[in-house]
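Participant: pasting the structure only:
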DNA sequence: TCATAGATAGATCGATCGATCTATTTAATG
DNA sequence: CATTAAATAGATCGATCGATCTATCTATGA
(Lines give C-alpha, C1' and ligand atoms only; values in the text may rest on other atoms or scores of the structure.)
Protein backbone atom coordinates (compact mmCIF):
# COMPACT_ATOMS: atom_id res chain seq x y z
CA UNK A 1 0.00 0.00 0.00
CA UNK A 2 2.64 2.48 1.08
CA UNK A 3 4.68 0.75 -1.56
CA UNK A 4 5.73 3.81 -3.54
CA UNK A 5 6.25 6.05 -0.54
CA UNK A 6 9.97 5.80 -1.12
CA UNK A 7 9.50 7.11 -4.61
CA UNK A 8 7.63 10.13 -3.33
CA UNK A 9 10.26 10.81 -0.70
CA UNK A 10 12.89 10.79 -3.43
CA UNK A 11 10.95 13.33 -5.47
CA UNK A 12 10.45 15.62 -2.49
CA UNK A 13 14.07 15.37 -1.44
CA UNK A 14 15.13 16.15 -4.99
CA UNK A 15 12.91 19.21 -5.12
CA UNK A 16 14.18 20.35 -1.74
CA UNK A 17 17.87 19.87 -2.49
CA UNK A 18 17.83 21.14 -6.06
CA UNK A 19 16.12 24.34 -5.01
CA UNK A 20 18.67 25.03 -2.30
CA UNK A 21 21.92 23.99 -3.95
CA UNK A 22 21.18 23.39 -7.59
CA UNK A 23 21.32 20.31 -9.77
CA UNK A 24 25.05 19.81 -10.17
CA UNK A 25 25.61 20.85 -6.59
CA UNK A 26 23.50 18.00 -5.28
CA UNK A 27 24.90 14.49 -5.15
CA UNK A 28 22.68 11.44 -5.41
CA UNK A 29 24.23 9.94 -2.30
CA UNK A 30 23.25 13.03 -0.36
CA UNK A 31 19.83 12.94 -1.97
CA UNK A 32 19.05 9.34 -1.08
CA UNK A 33 20.28 9.98 2.44
CA UNK A 34 17.98 12.99 2.78
CA UNK A 35 15.08 10.93 1.48
CA UNK A 36 15.96 8.04 3.79
CA UNK A 37 15.73 5.91 0.69
CA UNK A 38 17.97 3.03 -0.31
CA UNK A 39 20.37 3.70 -3.11
CA UNK A 40 19.02 0.85 -5.18
CA UNK A 41 15.51 2.24 -5.08
CA UNK A 42 16.59 5.36 -6.90
CA UNK A 43 17.42 3.51 -10.08
CA UNK A 44 14.52 1.19 -9.52
CA UNK A 45 12.01 4.01 -9.66
CA UNK A 46 13.98 6.27 -11.99
CA UNK A 47 15.87 4.18 -14.54
CA UNK A 48 16.79 7.42 -16.26
CA UNK A 49 18.80 8.38 -13.19
CA UNK A 50 19.35 11.89 -11.96
CA UNK A 51 17.85 13.63 -14.96
CA UNK A 52 14.61 11.66 -14.83
CA UNK A 53 14.28 12.31 -11.11
CA UNK A 54 14.90 15.99 -11.67
CA UNK A 55 12.26 16.20 -14.37
CA UNK A 56 9.72 14.63 -12.05
CA UNK A 57 10.73 16.89 -9.18
CA UNK A 58 10.09 19.93 -11.36
CA UNK A 59 6.74 18.55 -12.40
CA UNK A 60 5.79 18.09 -8.77
CA UNK A 61 7.03 21.50 -7.71
CA UNK A 62 5.19 23.07 -10.62
CA UNK A 63 1.91 21.59 -9.53
CA UNK A 64 2.32 22.53 -5.90
CA UNK A 65 3.18 26.14 -6.66
CA UNK A 66 0.53 26.42 -9.31
CA UNK A 67 -2.20 25.48 -6.88
CA UNK A 68 -1.11 28.24 -4.54
CA UNK A 69 -1.26 30.76 -7.33
CA UNK A 70 -4.70 29.71 -8.41
CA UNK A 71 -5.85 30.16 -4.84
CA UNK A 72 -4.30 33.62 -4.76
CA UNK A 73 -6.30 34.68 -7.78
CA UNK A 74 -9.47 33.12 -6.44
CA UNK A 75 -9.24 34.82 -3.07
CA UNK A 76 -8.03 38.28 -4.09
CA UNK A 77 -10.29 41.08 -5.20
CA UNK A 78 -8.11 42.22 -8.08
CA UNK A 79 -5.14 40.90 -10.07
CA UNK A 80 -2.68 43.26 -8.36
CA UNK A 81 -3.74 42.07 -4.94
CA UNK A 82 -3.40 38.45 -6.01
CA UNK A 83 0.12 39.00 -7.28
CA UNK A 84 1.28 40.86 -4.20
CA UNK A 85 -0.03 37.96 -2.15
CA UNK A 86 2.19 35.62 -4.11
CA UNK A 87 5.20 37.81 -3.37
CA UNK A 88 4.37 37.84 0.31
CA UNK A 89 3.97 34.08 0.38
CA UNK A 90 7.32 33.68 -1.30
CA UNK A 91 8.97 36.00 1.22
CA UNK A 92 7.55 33.86 4.00
CA UNK A 93 8.96 30.73 2.41
CA UNK A 94 12.40 32.27 2.17
CA UNK A 95 12.38 33.68 5.70
CA UNK A 96 11.15 30.39 7.08
CA UNK A 97 13.96 28.44 5.44
CA UNK A 98 16.86 30.81 6.20
CA UNK A 99 16.74 31.87 2.55
CA UNK A 100 17.44 28.37 1.26
CA UNK A 101 14.20 27.41 -0.45
CA UNK A 102 14.35 29.20 -3.76
CA UNK A 103 12.77 28.09 -7.01
CA UNK A 104 13.89 24.65 -8.20
CA UNK A 105 13.06 25.42 -11.82
CA UNK A 106 15.16 28.57 -11.90
CA UNK A 107 18.03 26.73 -10.26
CA UNK A 108 17.80 23.94 -12.79
CA UNK A 109 17.57 26.38 -15.68
CA UNK A 110 20.74 28.22 -14.77
CA UNK A 111 22.48 24.94 -14.12
CA UNK A 112 21.72 22.74 -17.11
CA UNK A 113 19.65 24.67 -19.66
CA UNK A 114 22.72 24.93 -21.84
CA UNK A 115 24.01 21.40 -21.38
CA UNK A 116 20.96 19.11 -21.26
CA UNK A 117 18.33 19.87 -23.87
CA UNK A 118 15.78 17.48 -22.40
CA UNK A 119 15.95 19.07 -18.98
CA UNK A 120 15.86 22.53 -20.54
CA UNK A 121 12.55 21.58 -22.10
CA UNK A 122 11.31 20.33 -18.74
CA UNK A 123 12.21 23.71 -17.23
CA UNK A 124 10.45 25.53 -20.04
CA UNK A 125 7.33 23.43 -19.53
CA UNK A 126 7.34 24.05 -15.80
CA UNK A 127 7.52 27.79 -16.39
CA UNK A 128 4.86 27.49 -19.07
CA UNK A 129 2.52 25.88 -16.56
CA UNK A 130 2.88 28.81 -14.22
CA UNK A 131 2.56 31.30 -17.05
CA UNK A 132 -0.68 29.66 -18.12
CA UNK A 133 -2.11 30.08 -14.63
CA UNK A 134 -1.14 33.75 -14.63
CA UNK A 135 -2.51 34.25 -18.14
CA UNK A 136 -5.76 32.66 -17.06
CA UNK A 137 -5.91 34.87 -14.00
CA UNK A 138 -5.33 38.06 -15.97
CA UNK A 139 -7.74 37.01 -18.69
CA UNK A 140 -10.39 36.54 -16.03
CA UNK A 141 -9.95 40.21 -15.24
CA UNK A 142 -10.44 41.28 -18.81
CA UNK A 143 -6.97 41.15 -20.30
CA UNK A 144 -6.72 40.15 -23.92
CA UNK A 145 -4.45 37.25 -24.85
CA UNK A 146 -1.45 39.33 -25.84
CA UNK A 147 -1.55 41.58 -22.79
CA UNK A 148 -2.10 38.63 -20.46
CA UNK A 149 0.88 36.78 -21.90
CA UNK A 150 3.17 39.77 -21.57
CA UNK A 151 1.98 40.50 -18.05
CA UNK A 152 2.39 36.86 -17.03
CA UNK A 153 5.99 36.85 -18.21
CA UNK A 154 6.60 40.14 -16.45
CA UNK A 155 5.17 38.96 -13.13
CA UNK A 156 6.87 35.58 -13.17
CA UNK A 157 10.21 37.10 -14.15
CA UNK A 158 10.02 39.61 -11.33
CA UNK A 159 9.17 36.93 -8.78
CA UNK A 160 12.02 34.73 -9.93
CA UNK A 161 14.48 37.59 -9.94
CA UNK A 162 13.34 38.89 -6.58
CA UNK A 163 13.89 35.45 -5.08
CA UNK A 164 17.44 35.50 -6.37
CA UNK A 165 18.10 38.97 -4.96
CA UNK A 166 16.53 38.11 -1.62
CA UNK A 167 18.55 34.94 -1.33
CA UNK A 168 21.79 36.73 -2.13
CA UNK A 169 21.02 39.52 0.34
CA UNK A 170 19.47 37.20 2.91
CA UNK A 171 16.72 39.76 3.25
CA UNK A 172 13.03 39.87 2.32
CA UNK A 173 13.52 43.46 1.18
CA UNK A 174 13.79 42.82 -2.57
CA UNK A 175 10.71 40.59 -2.56
CA UNK A 176 8.66 43.14 -0.65
CA UNK A 177 9.78 46.07 -2.77
CA UNK A 178 9.10 44.14 -5.96
CA UNK A 179 5.73 42.98 -4.69
CA UNK A 180 4.56 46.53 -4.15
CA UNK A 181 5.82 47.84 -7.48
CA UNK A 182 4.52 44.89 -9.44
CA UNK A 183 1.14 45.35 -7.82
CA UNK A 184 1.13 48.98 -8.92
CA UNK A 185 2.15 48.00 -12.43
CA UNK A 186 -0.47 45.25 -12.70
CA UNK A 187 -3.25 47.46 -11.39
CA UNK A 188 -2.26 50.26 -13.74
CA UNK A 189 -2.43 47.92 -16.71
CA UNK A 190 -5.63 46.31 -15.45
CA UNK A 191 -7.41 49.64 -15.71
CA UNK A 192 -7.17 49.36 -19.45
CA UNK A 193 -8.31 45.73 -19.42
CA UNK A 194 -11.71 46.29 -17.89
CA UNK A 195 -12.76 48.19 -20.99
CA UNK A 196 -12.20 45.07 -23.02
CA UNK A 197 -14.32 42.83 -20.84
CA UNK A 198 -17.30 43.12 -23.14
CA UNK A 199 -15.24 42.22 -26.18
CA UNK A 200 -13.59 39.35 -24.35
CA UNK A 201 -16.96 37.91 -23.50
CA UNK A 202 -18.01 37.62 -27.15
CA UNK B 1 55.12 41.91 -19.75
CA UNK B 2 52.20 39.76 -20.74
CA UNK B 3 53.00 37.99 -17.52
CA UNK B 4 49.55 37.97 -15.96
CA UNK B 5 47.67 37.41 -19.18
CA UNK B 6 47.05 33.85 -18.10
CA UNK B 7 45.43 35.09 -14.95
CA UNK B 8 43.04 37.26 -16.91
CA UNK B 9 42.17 34.42 -19.25
CA UNK B 10 41.30 32.30 -16.24
CA UNK B 11 38.96 34.98 -14.90
CA UNK B 12 37.23 35.43 -18.22
CA UNK B 13 36.86 31.69 -18.76
CA UNK B 14 35.43 31.37 -15.25
CA UNK B 15 32.90 34.11 -15.91
CA UNK B 16 31.98 32.56 -19.24
CA UNK B 17 31.58 29.02 -17.95
CA UNK B 18 29.90 29.86 -14.65
CA UNK B 19 27.30 31.97 -16.39
CA UNK B 20 26.60 29.17 -18.84
CA UNK B 21 26.55 26.07 -16.67
CA UNK B 22 26.83 27.24 -13.09
CA UNK B 23 29.50 26.90 -10.46
CA UNK B 24 29.17 23.25 -9.49
CA UNK B 25 28.49 22.33 -13.08
CA UNK B 26 31.87 23.65 -14.19
CA UNK B 27 35.01 21.62 -13.59
CA UNK B 28 38.38 23.24 -13.16
CA UNK B 29 39.92 20.95 -15.74
CA UNK B 30 37.37 22.19 -18.25
CA UNK B 31 37.97 25.74 -17.10
CA UNK B 32 41.73 25.68 -17.51
CA UNK B 33 41.30 24.05 -20.90
CA UNK B 34 38.90 26.80 -22.00
CA UNK B 35 41.34 29.42 -20.77
CA UNK B 36 44.25 27.68 -22.47
CA UNK B 37 45.96 27.99 -19.12
CA UNK B 38 48.17 25.44 -17.42
CA UNK B 39 46.63 23.69 -14.47
CA UNK B 40 49.41 24.76 -12.16
CA UNK B 41 48.83 28.42 -12.93
CA UNK B 42 45.34 28.26 -11.51
CA UNK B 43 46.57 27.63 -7.99
CA UNK B 44 49.50 29.91 -8.57
CA UNK B 45 47.25 32.90 -9.19
CA UNK B 46 44.37 31.76 -7.01
CA UNK B 47 45.65 29.94 -3.94
CA UNK B 48 42.11 29.92 -2.64
CA UNK B 49 41.15 27.67 -5.54
CA UNK B 50 37.80 27.59 -7.25
CA UNK B 51 36.02 29.85 -4.75
CA UNK B 52 38.62 32.61 -5.00
CA UNK B 53 38.55 32.46 -8.78
CA UNK B 54 34.75 32.62 -8.73
CA UNK B 55 34.76 35.66 -6.47
CA UNK B 56 37.10 37.46 -8.83
CA UNK B 57 35.07 36.44 -11.86
CA UNK B 58 31.98 37.98 -10.28
CA UNK B 59 33.87 41.14 -9.48
CA UNK B 60 34.99 41.39 -13.07
CA UNK B 61 31.56 40.64 -14.50
CA UNK B 62 30.03 43.18 -12.14
CA UNK B 63 32.30 45.92 -13.40
CA UNK B 64 31.78 45.11 -17.06
CA UNK B 65 28.01 45.08 -16.79
CA UNK B 66 27.92 48.13 -14.57
CA UNK B 67 29.71 50.22 -17.16
CA UNK B 68 27.11 49.30 -19.75
CA UNK B 69 24.31 50.36 -17.44
CA UNK B 70 25.92 53.68 -16.65
CA UNK B 71 26.19 54.30 -20.37
CA UNK B 72 22.53 53.42 -20.81
CA UNK B 73 21.50 56.05 -18.27
CA UNK B 74 23.85 58.62 -19.73
CA UNK B 75 22.61 58.17 -23.29
CA UNK B 76 18.87 57.80 -22.69
CA UNK B 77 16.45 60.66 -22.34
CA UNK B 78 14.54 59.22 -19.40
CA UNK B 79 14.95 56.42 -16.89
CA UNK B 80 12.38 54.21 -18.60
CA UNK B 81 14.18 54.46 -21.90
CA UNK B 82 17.49 53.64 -20.23
CA UNK B 83 16.07 50.53 -18.61
CA UNK B 84 14.44 49.26 -21.77
CA UNK B 85 17.78 49.67 -23.49
CA UNK B 86 19.34 47.40 -20.89
CA UNK B 87 16.69 44.76 -21.57
CA UNK B 88 17.30 44.97 -25.29
CA UNK B 89 21.04 44.67 -24.81
CA UNK B 90 20.53 41.60 -22.68
CA UNK B 91 18.27 40.05 -25.30
CA UNK B 92 20.99 40.58 -27.86
CA UNK B 93 23.54 38.88 -25.61
CA UNK B 94 21.30 35.87 -25.20
CA UNK B 95 20.40 35.59 -28.86
CA UNK B 96 24.03 35.96 -29.85
CA UNK B 97 25.12 33.14 -27.59
CA UNK B 98 22.33 30.65 -28.32
CA UNK B 99 20.85 31.54 -24.93
CA UNK B 100 23.92 30.41 -23.04
CA UNK B 101 25.30 33.64 -21.63
CA UNK B 102 23.12 34.38 -18.65
CA UNK B 103 24.08 36.20 -15.49
CA UNK B 104 27.02 34.64 -13.64
CA UNK B 105 25.98 36.18 -10.33
CA UNK B 106 22.48 34.73 -10.47
CA UNK B 107 23.88 31.35 -11.41
CA UNK B 108 26.32 31.48 -8.52
CA UNK B 109 23.61 32.60 -6.11
CA UNK B 110 21.28 29.71 -6.89
CA UNK B 111 24.21 27.33 -6.76
CA UNK B 112 26.11 28.13 -3.62
CA UNK B 113 24.34 30.90 -1.68
CA UNK B 114 23.14 28.30 0.81
CA UNK B 115 26.37 26.35 1.11
CA UNK B 116 29.22 28.86 0.93
CA UNK B 117 28.70 31.96 3.02
CA UNK B 118 31.74 33.76 1.64
CA UNK B 119 30.61 33.34 -1.94
CA UNK B 120 27.07 34.32 -0.98
CA UNK B 121 28.47 37.60 0.27
CA UNK B 122 30.37 38.03 -2.97
CA UNK B 123 27.11 37.55 -4.87
CA UNK B 124 25.34 40.05 -2.65
CA UNK B 125 28.09 42.61 -3.22
CA UNK B 126 27.96 42.11 -6.97
CA UNK B 127 24.22 42.72 -6.95
CA UNK B 128 24.71 45.67 -4.62
CA UNK B 129 27.08 47.24 -7.13
CA UNK B 130 24.47 47.06 -9.85
CA UNK B 131 21.75 48.28 -7.52
CA UNK B 132 23.88 51.30 -6.63
CA UNK B 133 24.22 52.20 -10.28
CA UNK B 134 20.46 51.95 -10.75
CA UNK B 135 19.81 53.93 -7.57
CA UNK B 136 22.16 56.61 -8.81
CA UNK B 137 20.43 56.67 -12.17
CA UNK B 138 16.97 57.01 -10.66
CA UNK B 139 18.13 59.59 -8.15
CA UNK B 140 19.48 61.64 -11.02
CA UNK B 141 15.93 61.77 -12.34
CA UNK B 142 14.52 63.02 -9.07
CA UNK B 143 13.75 59.87 -7.13
CA UNK B 144 14.19 60.01 -3.39
CA UNK B 145 16.42 57.43 -1.73
CA UNK B 146 13.66 55.06 -0.71
CA UNK B 147 11.88 55.09 -4.06
CA UNK B 148 15.15 54.71 -5.93
CA UNK B 149 16.17 51.72 -3.85
CA UNK B 150 12.83 49.98 -4.34
CA UNK B 151 12.81 50.72 -8.05
CA UNK B 152 16.40 49.48 -8.43
CA UNK B 153 15.51 46.17 -6.81
CA UNK B 154 12.43 45.92 -8.98
CA UNK B 155 14.29 46.55 -12.21
CA UNK B 156 17.23 44.29 -11.42
CA UNK B 157 14.94 41.48 -10.28
CA UNK B 158 12.90 41.68 -13.46
CA UNK B 159 16.00 41.61 -15.64
CA UNK B 160 17.42 38.62 -13.79
CA UNK B 161 14.12 36.77 -13.91
CA UNK B 162 13.53 37.58 -17.56
CA UNK B 163 16.96 36.18 -18.39
CA UNK B 164 16.01 32.93 -16.68
CA UNK B 165 12.69 32.71 -18.54
CA UNK B 166 14.29 33.56 -21.87
CA UNK B 167 16.99 30.96 -21.38
CA UNK B 168 14.47 28.27 -20.47
CA UNK B 169 12.24 29.15 -23.42
CA UNK B 170 15.16 29.82 -25.77
CA UNK B 171 13.29 32.91 -26.87
CA UNK B 172 13.81 36.65 -26.46
CA UNK B 173 10.09 37.02 -25.85
CA UNK B 174 10.16 37.23 -22.04
CA UNK B 175 12.97 39.81 -22.10
CA UNK B 176 11.16 41.96 -24.65
CA UNK B 177 7.81 41.76 -22.88
CA UNK B 178 9.42 42.57 -19.54
CA UNK B 179 11.39 45.42 -21.03
CA UNK B 180 8.26 47.12 -22.29
CA UNK B 181 6.30 46.66 -19.08
CA UNK B 182 9.18 47.70 -16.85
CA UNK B 183 9.63 50.79 -18.95
CA UNK B 184 5.97 51.65 -18.46
CA UNK B 185 6.26 51.06 -14.72
CA UNK B 186 9.42 53.12 -14.38
CA UNK B 187 8.03 56.01 -16.37
CA UNK B 188 4.80 55.94 -14.38
CA UNK B 189 6.72 56.16 -11.12
CA UNK B 190 9.10 58.74 -12.52
CA UNK B 191 6.22 61.14 -13.03
CA UNK B 192 5.95 61.41 -9.28
CA UNK B 193 9.69 61.84 -8.87
CA UNK B 194 10.07 65.01 -10.85
CA UNK B 195 7.98 66.85 -8.25
CA UNK B 196 10.60 65.98 -5.67
CA UNK B 197 13.52 67.32 -7.63
CA UNK B 198 13.53 70.57 -5.71
CA UNK B 199 13.49 68.87 -2.37
CA UNK B 200 16.20 66.45 -3.46
CA UNK B 201 18.45 69.35 -4.36
CA UNK B 202 18.41 70.77 -0.83
C1' DT C 1 77.22 33.67 -15.50
C1' DC C 2 74.71 32.78 -11.63
C1' DA C 3 70.85 33.38 -8.41
C1' DT C 4 66.18 34.06 -7.58
C1' DA C 5 61.31 34.57 -8.11
C1' DG C 6 57.51 34.07 -11.15
C1' DA C 7 55.11 31.18 -14.14
C1' DT C 8 54.25 26.89 -16.46
C1' DA C 9 53.57 21.96 -16.68
C1' DG C 10 51.45 17.89 -15.33
C1' DA C 11 51.63 13.73 -12.34
C1' DT C 12 49.19 12.32 -8.57
C1' DC C 13 46.29 12.41 -4.41
C1' DG C 14 41.96 10.98 -1.80
C1' DA C 15 37.18 11.91 -2.25
C1' DT C 16 33.15 11.82 -4.56
C1' DC C 17 30.53 11.60 -8.75
C1' DG C 18 26.55 8.98 -11.28
C1' DA C 19 25.71 4.51 -12.66
C1' DT C 20 25.66 -0.57 -12.80
C1' DC C 21 25.55 -4.78 -10.72
C1' DT C 22 24.27 -8.83 -7.82
C1' DA C 23 21.84 -10.29 -3.69
C1' DT C 24 18.39 -10.21 -0.31
C1' DT C 25 14.02 -9.05 1.57
C1' DT C 26 9.17 -8.06 1.15
C1' DA C 27 4.51 -8.33 -0.78
C1' DA C 28 1.10 -10.13 -3.67
C1' DT C 29 -1.02 -14.09 -6.07
C1' DG C 30 -1.64 -18.93 -7.41
C1' DC D 1 3.44 -23.33 0.52
C1' DA D 2 5.28 -22.03 -3.94
C1' DT D 3 5.98 -18.56 -7.38
C1' DT D 4 6.87 -14.23 -9.02
C1' DA D 5 7.57 -9.45 -9.16
C1' DA D 6 8.52 -5.34 -6.54
C1' DA D 7 11.41 -3.12 -3.55
C1' DT D 8 15.41 -2.79 -0.69
C1' DA D 9 20.33 -2.98 0.22
C1' DG D 10 24.85 -1.93 -0.77
C1' DA D 11 29.26 -3.33 -3.02
C1' DT D 12 31.62 -1.78 -6.78
C1' DC D 13 32.68 0.39 -11.26
C1' DG D 14 35.27 3.91 -14.12
C1' DA D 15 35.32 8.76 -14.42
C1' DT D 16 35.95 13.03 -12.66
C1' DC D 17 36.19 16.19 -8.89
C1' DG D 18 39.23 19.96 -6.51
C1' DA D 19 43.56 20.16 -4.56
C1' DT D 20 48.48 19.30 -3.68
C1' DC D 21 52.88 18.33 -5.02
C1' DT D 22 57.41 18.39 -7.41
C1' DA D 23 59.87 19.65 -11.40
C1' DT D 24 60.88 22.58 -15.25
C1' DC D 25 61.05 26.70 -17.81
C1' DT D 26 61.53 31.77 -18.14
C1' DA D 27 62.55 36.36 -17.07
C1' DT D 28 64.97 39.71 -14.31
C1' DG D 29 68.87 41.66 -11.97
C1' DA D 30 73.32 41.42 -9.75
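Facilitator: Okay, I see it. This is a predicted model, so every value here is computed, not measured. Numbers count the residues shown, from 1 in each chain, chains lettered A, B, ... in the order given.

Participant: so which strand or helix has residue A:64?
Facilitator: Counting by DSSP states H and E, the element that carries residue A:64 is helix A:49-75.

Participant: Is any residue of that helix near DNA strand C?
Facilitator: Yes - against DNA strand C, helix A:49-75 shows contacts by C-beta under 7 Å from any atom of the strand at A:49, A:50, A:51. Heads up, the C-betas are built off the backbone N, CA and C, glycines and all.

Participant: Of these, which is the most crowded?
Facilitator: Greatest neighbour count in these, by other C-beta atoms under 10 Å in any protein chain shown, goes to residue A:50: 20 neighbours.

Participant: residue contacts, residue A:130?
Facilitator: A:62, A:65, A:66, A:69, A:156 (C-beta atoms under 8 Å, 6 or more residues apart in numbering or on different chains).

Participant: Give me the neighbour count for the fourth one.
Facilitator: Just to be clear, that refers to residue A:69. 23.

Participant: ok, back up a step: nearest to residue B:86 among the residues of helix A:49-75 next to DNA strand C?
Facilitator: residue A:51 (34.2 Å; C-beta to C-beta).

Participant: nearest residue to the closest one other than its sequence neighbours?
Facilitator: residue A:119 (5.8 Å; C-beta to C-beta, 6 or more residues apart in numbering or on different chains).

Participant: Then residue A:140?
Facilitator: Counting by C-beta to C-beta, 6+ apart, residue A:140 lies nearest to residue A:73, which is 7.1 Å off, once chain neighbours are set aside.

Participant: For residue A:20, give me the backbone phi and psi.
Facilitator: Reported as degrees, to the nearest 10, the phi and psi values for residue A:20 are phi -100, psi -30.

Participant: show me what contacts it?
Facilitator: By C-beta under 8 Å, 6+ apart, the contact list for residue A:20 reads A:97, A:100, A:101, A:102, B:114.

Participant: What is the nearest of the residues of helix A:49-75 next to DNA strand C to residue A:12?
Facilitator: For the residues of helix A:49-75 next to DNA strand C, the nearest to residue A:12 is residue A:50 (15.6 Å; C-beta to C-beta).

Participant: Where does the prediction get shaky in chain A?
Facilitator: Judged by pLDDT under 70, chain A has its weakly predicted residues at A:1-4, A:195-202.

Participant: Apply 90 and report the result again.
Facilitator: A:1-7, A:27, A:30, A:32-42, A:44-45, A:48-49, A:64-65, A:192-202 (pLDDT under 90).

Participant: of all the contacts of residue A:20, which comes closest to residue B:164?
Facilitator: residue A:102 (11.2 Å).

Participant: So the closest one: helix, strand or coil?
Facilitator: With DSSP: H, G, I helix; E, B strand; the rest coil as the basis, residue A:102 sits in coil.

Participant: now do residue A:171
Facilitator: Per three-state DSSP, residue A:171 ends up coil.

Participant: What does it show for phi and psi?
Facilitator: Dihedral pair for residue A:171: phi -150, psi 140, per degrees, to the nearest 10.

Participant: Fine by me, we can end here.
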